[in-house]
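Visitor: my questions are about this predicted structure, shown below with the sequence.
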Amino acid sequence: MTVADYLTLMRLLLVPVFISAFLFDRPHLALASFLVAGFTDLIDGSIARFLKQPTRFGAFLDPIADKLLLESAFICLTFVQILPLWFLLLALSRDVMILSGIYYLYRVKANVRYQAVYASKFATLFQLITTVLGLIIYRSSAHPDSGLYTWMYFFLVISTLLIIISAIQYITIGYGVVRSRAKAT
């Protein structure tokens, strides 16, 4: 295993720490564990590329760790009514669509190189920022009229747009793969 793989694995292991801290009303620990996990998300791919050590394990585990971290945070923040339910459902729907598409392509033995589109990478970044702001609001019990909420909703809107754009891009890519396979047979 490489350094990047260990970072990805650490992010995956921080998910239950984050959830436990949130559920047991330890907002400082929840925020800290999310920040560390989010930071590993931002650097693991760059480290793998810089050290020229990309692995199949990392390529497989990285998106799973990302989805588990973000979706668990979205669920927690929706439960305490900091994030709106529609955002959770939108993010979950896109991730289920992506995973279903990957599974389908795997089942039909499509030889596809799985790589995140740029809109998806930016969506993840903005979702991380939105979540950090949401966790700060949760930790500080900020008033809904505060500037923190304004900033969180600003990043929430950008995240929403990027989620929709990336979903359209993934649908287009998947449709193209399926169409080219149909033409080939």
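Guide: Cool, the structure landed. In this text the structure is predicted, and so the values were computed from the model without any measurement.
Visitor: any idea which element the nearest residue to Leu90 once chain neighbours are set aside lies in?
Guide: Spatial nearest neighbour of Leu90, chain neighbours left out: Ile163 (5.9 Å); criterion: Cβ to Cβ, 6 or more residues apart in numbering. C-betas here are computed from N, CA, C, even on glycine. Assigned by DSSP states H and E, Ile163 belongs to helix 147-184.
Visitor: for that helix, buried residues please.
Guide: Under the neighbour-count criterion of 16 or more other Cβ atoms under 10 Å, helix 147-184 has 148-149, 152, 155-156, 158-160, 162-163, 165-167, 170, 173-174, 177 buried.
Visitor: now it: average pLDDT?
Guide: For helix 147-184, the mean pLDDT works out to 90.
Visitor: for stretch 106-126, same thing?
Guide: Stretch 106-126 shows a mean pLDDT of 82.
Visitor: sec struct for Arg25, please.
Guide: That one is not Arg; residue 25 is Asp. coil (DSSP: H, G, I helix; E, B strand; the rest coil).
Visitor: for it, grab the count of nearby residues.
Guide: 9 (other Cβ atoms under 10 Å).
Visitor: now do the phi/psi pair for it.
Guide: phi 50, psi 50 (degrees, to the nearest 10).
Visitor: got a list of what it touches?
Guide: Residues near Asp25 by Cβ atoms under 8 Å, 6 or more residues apart in numbering: none.
Visitor: how near is it to Met97?
Guide: 34 Å (Cβ to Cβ, to the nearest Å).
Visitor: show the contacting residues for Ala4.
Guide: Ala4 neighbours (Cβ under 8 Å, 6+ apart): 44-45, 47-48, 51, 53-55, 58.
Visitor: try 7 Å
Guide: For Ala4, the contact set (Cβ atoms under 7 Å, 6 or more residues apart in numbering) comprises 44-45, 47-48, 53, 58.
Visitor: can you list these in a markdown table and add pLDDT, secondary structure and distance to Met10?
Guide: Converted to a markdown table, these look like this (pLDDT from 0 to 100; DSSP: H, G, I helix; E, B strand; the rest coil; distance: Cβ to Cβ, whole Å):
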| residue | pLDDT | secondary structure | distance to Met10 |
| --- | --- | --- | --- |
| Asp44 | 82 | helix | 9 |
| Gly45 | 79 | helix | 14 |
| Ile47 | 83 | helix | 12 |
| Ala48 | 78 | helix | 14 |
| Gln53 | 81 | coil | 16 |
| Gly58 | 76 | helix | 12 |
